[in-house]
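# Below is the sequence, then the predicted model.
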Amino acid sequence: MAENEEVVWLTADGLKQLQERLDYLKNVKRAEVSEKIAVARSFGDLSENSEYAAAKDEQSAVEAEIFEIDEKIRNAKVISNKVDISSVSVGCKVKVEDLTFDEVLTYKIVGSTESDPLNGLLSNESPAGKALMGAKVGDIVKYESINSGTIEMKVLEISN
């Protein structure tokens, strides 16, 4: 990994999903798009051929996604199932009390690729995730929310 590239934190399942998506794009989607290009090319004049232009745009999008996933996989660091739970880190579960909205929430801290806050997967790069990183049980952390201003959370529990 080059010095200026960032680690992409992934769970084992997340890495598997990326590998499956990459395999699909390379072995299925590329062939489908190539076929679309061939069919569109058979229509004649390429300068006024909207089907050809659309197929070439789709090809560009597929190749860009392949490149992006290749980079993520190349820079991936798989999160261990057993992480140090003395403080919040990528791969742990953290139970917090949201002091601003008076509710208890549980999150798994993951890399940005797998982030899904509505399903309890919080990116280590999100404002809340950054605030929690390194916190210990009993700590109160603050972060700025785009919609709600300053949010305060108290760390109640850290687990695997």
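Perfect, thanks for sending it.
# C-alpha from now on. contacts and neighbour counts both.
OK.
# And for the strand or helix carrying I151, what's in contact with it?
Remark: I151 resides in strand 149-159, with elements defined by DSSP states H and E. Residues from elsewhere that reach strand 149-159, judged by CA atoms under 8 Å, 6 or more residues apart in numbering: 85-88, 92-100, 135-145.
# Which residue would you name as the spatial centre of this protein?
The C-alpha lying nearest the average C-alpha coordinate of the chain belongs to T113 (CA atoms, centre = their mean; 1.0 Å).
# For that one, give me the pLDDT.
Residue-level confidence at T113 comes out at 90, pLDDT.
# Next up, the contacts around it.
Counting by CA under 8 Å, 6+ apart, T113 makes contact with 8-10, 123.
# circling back to that earlier point, taking the contacts of strand 149-159, please make a PyMOL selection of just the buried ones.
A single PyMOL command suffices to select whichever of these are buried according to 16 or more other CA atoms under 10 Å:
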select buried, resi 85+87+88+92+93+94+95+96+97+98+135+136+137+140+141+142+143
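# Which residues outside the longest helix along the chain are in contact with it?
Across the chain, the helix with the greatest residue count (assigned by DSSP state H) is helix 50-74. With contacts defined as CA under 8 Å, 6+ apart, helix 50-74 is touched by 1, 8, 15, 18-19, 22, 25-26, 29-30, 33-34, 36-37, 40-41, 46.
# Return the distance of it from the chain's centre.
18 Å (CA atoms, centre = their mean, to the nearest Å).
# what's the following helix or strand after it?
Following helix 50-74 in sequence, per DSSP H and E, is strand 76-78.
# Within its sheet, name the partner strands of that next one and how each one runs.
strand 8-10 (parallel) (DSSP bridges).
# Quick check: which ranges of the protein have low pLDDT?
1-5 (pLDDT under 70).
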